[in-house]
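*Asks:* From the sequence below, what's the structure:
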Amino acid sequence: MLFSGFESRRISNQGVEINLVCGGNRSGRPLLLLHGHPQTHAIWHKVAPVISKDFFLVMPDLRGYGESAKLPGDADHGNYSKRAMAGDQVAVMRELGYEKFLVVGHDRGARVAHRLALDHPQAVQKMVLLDIAPTVAMYEQTTMEFARSYWHWFFMIQPHPFPDTLLGADPEFFIRKHMSRGPQGTAIFAPEAFEEYVRCAKIPGTVHAFCEDYRASAGIDLDHDRADRAAGRKVECPLRVFWGRDGAIEKCFKAMEIWPQYARQVEGRAFPCGHYIPEEQPELLSEELLKFL
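*Replies:* Below is the predicted model of the structure:
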């Protein structure tokens, strides 16, 4: 069991069911943990036992991922906009009795968290974002090196059904190749967690949801991000950003020059690892979370 002692729940937001596990210190501050692509809430299995003594943890599967609802794509990909996905999480926390909470997000979950802090500033007390720069900045500053490293960003945004069909033909092959780019391959993952990622990728509708998530990021999400930038809206809560020293954020972007353009109170640094910080550096991440949150 990856989350022994935690409770499994399903909470609906306007008919969209979100799967989650929750638990920890019932008297502690609520902490929402959002995973990235192509993973599930299982990414937090090394961090949760350490920080659950201090916080009440809520670890959902994003819509389209894990055991959460798989919605069909629509014309503007709004079903997978980060605005819609952030709304799911606000509904989850309210159902659990929390109007204000802390947020940590990794990868796609960090993009959902970023949008959540912009759309619902009164709800987010503090936030930590792992291994991302703002979506609009990453697209606008794309280089050949970034495109080679994050090739899936540009493949998965192609119109349905092209990438959906190719990736859906063998989701396990895609997951294993995609998540083994570092020198240690998939050895950085606990076998039971990695098998959970593979199992969930094979659930009908998941690969389509993956692609819709990315298509939204290259379209409707950019519209939302640019509207906020034009209006001068920034993340208001205290923010920490951490990224992997061996990953694309370090190599292709100047995170601590970019993030102050999008947040009013931000500090950050690189961790000695690759992209999957919660599984590569769980002790260091836990230490930073306990210190900041």
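
*Asks:* Strands along the protein, start to end?
*Replies:* Ranges of strands in the chain, per DSSP state E, are 7-13, 16-24, 29-34, 55-60, 101-106, 124-130, 239-244, 266-271.

*Asks:* Okay, angle between the fifth one and strand 124-130 too, please.
*Replies:* Read that as strand 101-106. Put simply, strand 101-106 runs at 10 degrees to strand 124-130, going by axes from the mean of the first three to the mean of the last three C-alpha atoms, to 10 degrees.

*Asks:* Could you do the fourth one as well?
*Replies:* Strand 55-60 runs at 60 degrees relative to strand 124-130, counting by the same axes, to 10 degrees.

*Asks:* roughly how far is strand 55-60 from the heart of the chain?
*Replies:* Put simply, strand 55-60 sits 14 Å off its chain's centre (C-alpha atoms, centre = their mean, to the nearest Å).

*Asks:* can you redo the strands of the chain as CSV with mean neighbour count and mean pLDDT?
*Replies:* Placement of C-beta: from N, CA and C, glycine included. As requested, the strands of the chain are exported to CSV (neighbours: other C-beta atoms under 10 Å; pLDDT from 0 to 100):
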stretch, mean neighbour count, mean pLDDT
strand 7-13, 15, 97
strand 16-24, 21, 98
strand 29-34, 25, 99
strand 55-60, 26, 98
strand 101-106, 27, 99
strand 124-130, 24, 98
strand 239-244, 24, 98
strand 266-271, 17, 98
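
*Asks:* Using a markdown table, lay out those strands together with distance to Leu289.
*Replies:* Listed next are the strands of the chain as a markdown table, based on distance: least, C-beta to C-beta, whole Å:
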| stretch | distance to Leu289 |
| --- | --- |
| strand 7-13 | 21 |
| strand 16-24 | 13 |
| strand 29-34 | 8 |
| strand 55-60 | 8 |
| strand 101-106 | 7 |
| strand 124-130 | 6 |
| strand 239-244 | 9 |
| strand 266-271 | 12 |
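
*Asks:* Out of the ones you listed, which is closest to Ala48?
*Replies:* strand 55-60 (5.7 Å; C-beta to C-beta).

*Asks:* can I get the CA coordinates of that closest one in CSV?
*Replies:* In CSV, the C-alpha atoms belonging to strand 55-60 read as follows (Å, rounded to 0.1, in the frame of the first residue of the first chain):
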residue,chain,number,x,y,z
PHE,A,55,-0.4,18.9,7.7
PHE,A,56,-3.7,17.5,6.6
LEU,A,57,-2.9,16.3,3.1
VAL,A,58,-5.2,16.2,0.1
MET,A,59,-3.8,14.3,-2.9
PRO,A,60,-6.1,14.1,-5.9
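
*Asks:* which stretches of the stretch 151-293 of the chain form helices?
*Replies:* 151-155, 162-168, 171-178, 191-201, 206-217, 220-231, 248-252, 255-258, 277-280, 282-292 (DSSP state H, counting those that start in this stretch).

*Asks:* Show me what the fifth one is packed up against.
*Replies:* Spelled out, that is helix 206-217. For helix 206-217, the helices and strands in contact under the criterion 3 or more C-beta pairs under 8 Å, 6 or more residues apart in numbering; DSSP states H and E are helix 151-155, helix 162-168, helix 171-178, helix 191-201.
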